[in-house]
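Novice: need a 3D model of the following:
(chains A and B)
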Amino acid sequence: MASKEESFRYLVAEHQEMVINTCYRFVFNREEAEDLAQDVFIEVFRSLEQFREEAKLSTWIYRIAVTKSLDHLRRLKRKKRFSSLKRIIGIEDPSAEIAAPCNDNPAEAYAGNEQAAILQEALGTLPESQKTAFLLSKQEGFSNQEIADILKTSVSAVESLVHRAKKNLHDKLFAYYTQQ
Amino acid sequence: MKQEFMMKERNNNIEAQVAKTMKLLDEMKPLEVNHFFRARLMQRIEREFGLEAKQTHAVAGNRFVFRLAFFALLIVINLGATVLSVQQNKRWTTSVSGISEMLDKLSDDYTSHEFAYYDQSSTYTSETVSTEIQTP
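Specialist: Numbers count the residues shown, from 1 in each chain, chains lettered A, B, ... in the order given. Okay, the predicted model is just below:
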């Protein structure tokens, strides 16, 4: 147990920065990114013995980080939908209002400006594979090959996903600003 | 012409806004890891996995107690069954010996000399009948 903990400490020290920043790209909020990174390392600790060396350990860890981040965004989306449904029905949800500034719109918390919120909203409408490839490509330290390994796909597929994501994002933002 | 120019101008403005918004992602500075991050993580692991280990120990202990109790119950049932069967065997053997004694007595009674008389008489009667038939 002690040696396991020792090697785990080493592993955390080596990958914590990349994991936190990967989560941060998805949620735009420091606290949430750190909480997610903790969940990622808990998962890693729990299933480290089941890790089959089909991929690099780092790829496996970043894959968990991506999955956790996407799950978190899905949960937020559901929560948002549910609270808007409640609002339509006429049920007041006091907990939603308390959590709203931090959880429902982390982009605002991050940048404190409207643009970040708009970007976050537009990213939320992209298909998950496009969003993941695009966000990882924007992060320093991930090559296209590494992104391909994380997404379990080919480099050309990653390039295509990033290209389509850029175009979609551009179109969505353009449409948004046109309506303003 | 002027309208077209204005439209173009507007589109350019929008494009600039779009580019500025998209640039936010490139401008996002990487986070520096909080000093307490690892400490908090290790605390959480200690709390969650230490508790899990304790729970598994408790469950294992409970299982052992249940098994022990079950074995004890089985032993008691077996002992009880053995005692009962031994007692029943005792009773049966005593009753069986009584019956056999009775049978012996009976067979003694019927094979005694007193009963020998009836045997003889029966042979006698059969002989007299045969002589009676023969006389005419």
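Novice: how about the residue nearest the centre of chain A, nearest residue that isn't a chain neighbour?
Specialist: Here the mean C-alpha position of chain A is nearest to the C-alpha of A:Phe26 (CA atoms, centre = their mean), at a distance of 3.0 Å. The shortest distance from A:Phe26 to any non-neighbouring residue, by CB to CB, 6 or more residues apart in numbering or on different chains, is to A:Ser69 (3.7 Å). Bear in mind the C-beta positions are built from the backbone N, C-alpha and C, glycine included.
Novice: now do the same contact list for the one you found.
Specialist: Counting by CB atoms under 8 Å, 6 or more residues apart in numbering or on different chains, A:Ser69 touches A:Thr22, A:Cys23, A:Arg25, A:Phe26, A:Val27, A:Leu36.
Novice: would you mind measuring from it to A:Val19?
Specialist: 10 Å (CB to CB, to the nearest Å).
Novice: now do the helix or strand harbouring A:Leu169: everything it contacts.
Specialist: Using DSSP states H and E, A:Leu169 sits in helix A:155-179. Contacts with helix A:155-179, where a contact means CB under 8 Å, 6+ apart, come from A:118-119, A:121-123, A:125-126, A:129-134, A:137, A:144-145, A:147-148, A:151, A:153, B:14-15, B:17-18, B:21-22.
Novice: distance from stretch A:57-76 to the middle of the chain?
Specialist: In terms of CA atoms, centre = their mean, to the nearest Å, the centre of stretch A:57-76 is set 6 Å apart from its chain centre.
Novice: just stretch A:165-174 next, same as before
Specialist: 19 Å.
Novice: so for that stretch, mean pLDDT?
Specialist: Averaged across stretch A:165-174, pLDDT comes to 95.
Novice: ok, B:Arg44 touching A:Gln38?
Specialist: Yes. Using CB atoms under 8 Å, B:Arg44 is in contact with A:Gln38, at 6.3 Å.
Novice: show me which residues of chain A are close to chain B?
Specialist: By CB under 8 Å from any CB of the partner chain, the part of chain A that sits against chain B consists of A:5, A:8-9, A:12-13, A:16-17, A:20-21, A:24-25, A:30, A:33-34, A:37-38, A:41-42, A:45-46, A:111, A:115-116, A:118-119, A:122, A:135, A:138-140, A:166, A:169-170, A:173-174, A:177-178.
Novice: narrow the residues you listed to those that are buried.
Specialist: By neighbour count, with 16 or more other CB atoms under 10 Å in any protein chain shown, these hold A:8, A:12, A:16-17, A:20-21, A:24-25, A:30, A:33-34, A:37-38, A:41-42, A:45, A:111, A:115-116, A:118-119, A:122, A:135, A:138-139, A:169-170, A:173-174, A:177 as buried.
Novice: below-threshold pLDDT in the chain: ranges please.
Specialist: No chain was given, so I picked chain A. A:1-2, A:92-113 (pLDDT under 70).
Novice: try chain B instead
Specialist: B:51-58, B:92-97, B:106, B:108-136.
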